[in-house]
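A.B. asks: mind looking at a prediction? Sequence and model below.
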Amino acid sequence: MNLLEKDNALSLARLRDVLIRLEDTIIFALIERAQFALNACTYQPGVYEYNDGYKGSFLGYFLHEMEKVHSRVRRYTSPDEYPFTSPLPAPILPTLDFPPTLHPNHINVNSDIMDRYLQDIVPKICAPGDDLNYGSSATRDVECLQALSKRIHYGKFIAESKFQDPAQQQTYIQLIRAKDRDGIMELLTNRTVEAALLRRLRRKAMIYGHDITEKGDIILEDEGSTPTQQKIPADVVVDLYERFVIPLTKEVEVEYLLKRLDGWQDPSATTSS
Ligand SMILES: O=C(O)C(=O)C[C@]1(C(=O)O)C=C[C@@H](O)C=C1
């Protein structure tokens, strides 16, 4: 989404469209990573020596080097982009004037995303073992992590959109003042949207994970009778969203809303002079 546009940036329908598009990005990124073996040595600190004294893993090194370049071209000044590493250099490009969308906040859940990705996702989509394709697998890891991070931090925009809904704002204000985390979680939850998302995701993962013929048929079986392997199991993608992506997006929404009234003046409150 172009966050420099002034109109309609917080329309819930538009934000949900962004999430739908990011489903494709995430599924394809996972498919790309799944062609390589687990390559555990790329995740372990201290395996390689880096001439600048870096002590982390190969993936950590690669990510930090990439984020330094991306930071110089002002990637992390955009309100929908969050880095995994620090410290990062200042941008060499002039600052862009993004129209205000989000209430100022410092929420960044990338370390949770990294932990879950390494513990839960990579072992489920990659074959065990080592195929020596360390650069290729780390490149794909970065793509998966960045796509997941963008999707999950979009929760901030969704939360802002819900807060600005005149039909709900006063209820949110009461729940935020009462620090009622469960009440906020319940109010922002839309089970119909979640169920539709999971059904759509399963269909996408099945279709994108199979080869398609010239006529557009999905090849479910090879010639002979060996079933073609799905590039990634649809169940893993659905499980990933159900147990990790949606809950963490909702956590971001709740954290954002809990701080939403800090330094904010309610324009609808009556002022006495
Ligand atoms: O679409 C919304 O309303 C969201 O808040 C996003 C989202 C999701 O992560 O996909 C999270 C919570 C809702 O229950 C439904 C969907």
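C.D. replies: Okay, I see it. Numbers count the residues shown, from 1 in each chain.
A.B. asks: phi, psi for residue 212 please.
C.D. replies: Per-residue torsions, residue 212: phi -120, psi 140 (degrees, to the nearest 10).
A.B. asks: mind checking how far it is from the ligand?
C.D. replies: 27 Å (C-beta to the nearest ligand atom, to the nearest Å). All C-beta atoms are positioned from the backbone trio N, CA, C, and that covers glycine.
A.B. asks: count residues in the vicinity of that residue, would you?
C.D. replies: 11 (other C-beta atoms under 10 Å).
A.B. asks: contacts only, for the residue in the chain positioned nearest to the ligand.
C.D. replies: Closest contact between the chain and the ligand, by C-beta to the nearest ligand atom, is at residue 249 (3.6 Å). Applying C-beta atoms under 8 Å, 6 or more residues apart in numbering, we find residue 249 in contact with 151, 152, 154, 155, 158.
A.B. asks: which secondary structure element contains residue 21?
C.D. replies: Assigned by DSSP states H and E, residue 21 falls within helix 12-34.
A.B. asks: what's that helix packed up against?
C.D. replies: helix 122-125, helix 134-153, helix 155-164, helix 191-208, helix 234-240 (3 or more C-beta pairs under 8 Å, 6 or more residues apart in numbering; DSSP states H and E).
A.B. asks: avg pLDDT for it?
C.D. replies: Mean per-residue pLDDT for helix 12-34: 97.
A.B. asks: hmm, that helix touching the ligand?
C.D. replies: Yes - counting by C-beta under 6 Å from any ligand atom, the ligand has neighbours in helix 12-34: 16, 19.
A.B. asks: for stretch 138-148, same thing?
C.D. replies: No - legend: contact between stretch 138-148 and the ligand by C-beta under 6 Å from any ligand atom is lacking; minimum distance shown is 11.9 Å.
A.B. asks: what strand or helix carries the residue of the chain closest to the ligand?
C.D. replies: Using DSSP H and E, residue 249 maps to helix 246-258.
A.B. asks: please identify the buried residues of stretch 231-248?
C.D. replies: 231-234, 236-238, 240-241, 244-246, 248 (16 or more other C-beta atoms under 10 Å).
A.B. asks: would you mind putting those into TSV with pLDDT alongside?
C.D. replies: Shown next, in TSV, are the buried residues of stretch 231-248 (pLDDT from 0 to 100):
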residue	pLDDT
231	86
232	91
233	91
234	93
236	94
237	96
238	97
240	96
241	98
244	97
245	98
246	98
248	98
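A.B. asks: so which pair among those is furthest apart in space?
C.D. replies: The span of the buried residues of stretch 231-248, defined through C-beta to C-beta, is set by 231 and 248 at 24.4 Å.
A.B. asks: picking that back up, next secondary structure after the helix holding residue 21?
C.D. replies: In N-to-C order, the element after helix 12-34 by DSSP H and E is helix 58-72.
A.B. asks: who does that following helix touch, helix- and strand-wise?
C.D. replies: helix 134-153.
A.B. asks: about what we covered before: so for residue 109, which of the helices and strands packed on helix 12-34 sits nearest?
C.D. replies: helix 134-153 (6.3 Å).
A.B. asks: export the closest one to PDB, keeping only CA atoms.
C.D. replies: Below are the C-alpha coordinates for helix 134-153, written out as PDB (Å, rounded to 0.1, in the frame of the first residue of the first chain):
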ATOM      1  CA  TYR A 134      23.700 -21.400   2.700                       C
ATOM      2  CA  GLY A 135      23.500 -18.100   0.800                       C
ATOM      3  CA  SER A 136      20.400 -19.300  -1.000                       C
ATOM      4  CA  SER A 137      18.600 -20.500   2.100                       C
ATOM      5  CA  ALA A 138      19.500 -17.400   4.100                       C
ATOM      6  CA  THR A 139      18.200 -15.200   1.200                       C
ATOM      7  CA  ARG A 140      14.900 -17.000   1.300                       C
ATOM      8  CA  ASP A 141      14.800 -16.800   5.100                       C
ATOM      9  CA  VAL A 142      15.100 -13.000   4.900                       C
ATOM     10  CA  GLU A 143      12.300 -12.900   2.400                       C
ATOM     11  CA  CYS A 144      10.000 -15.000   4.700                       C
ATOM     12  CA  LEU A 145      10.900 -13.000   7.800                       C
ATOM     13  CA  GLN A 146      10.300  -9.600   6.100                       C
ATOM     14  CA  ALA A 147       7.000 -10.700   4.700                       C
ATOM     15  CA  LEU A 148       5.800 -12.100   8.100                       C
ATOM     16  CA  SER A 149       7.100  -9.000   9.800                       C
ATOM     17  CA  LYS A 150       5.200  -6.700   7.500                       C
ATOM     18  CA  ARG A 151       2.000  -8.700   7.800                       C
ATOM     19  CA  ILE A 152       2.100  -8.900  11.600                       C
ATOM     20  CA  HIS A 153       3.000  -5.200  12.100                       C
END
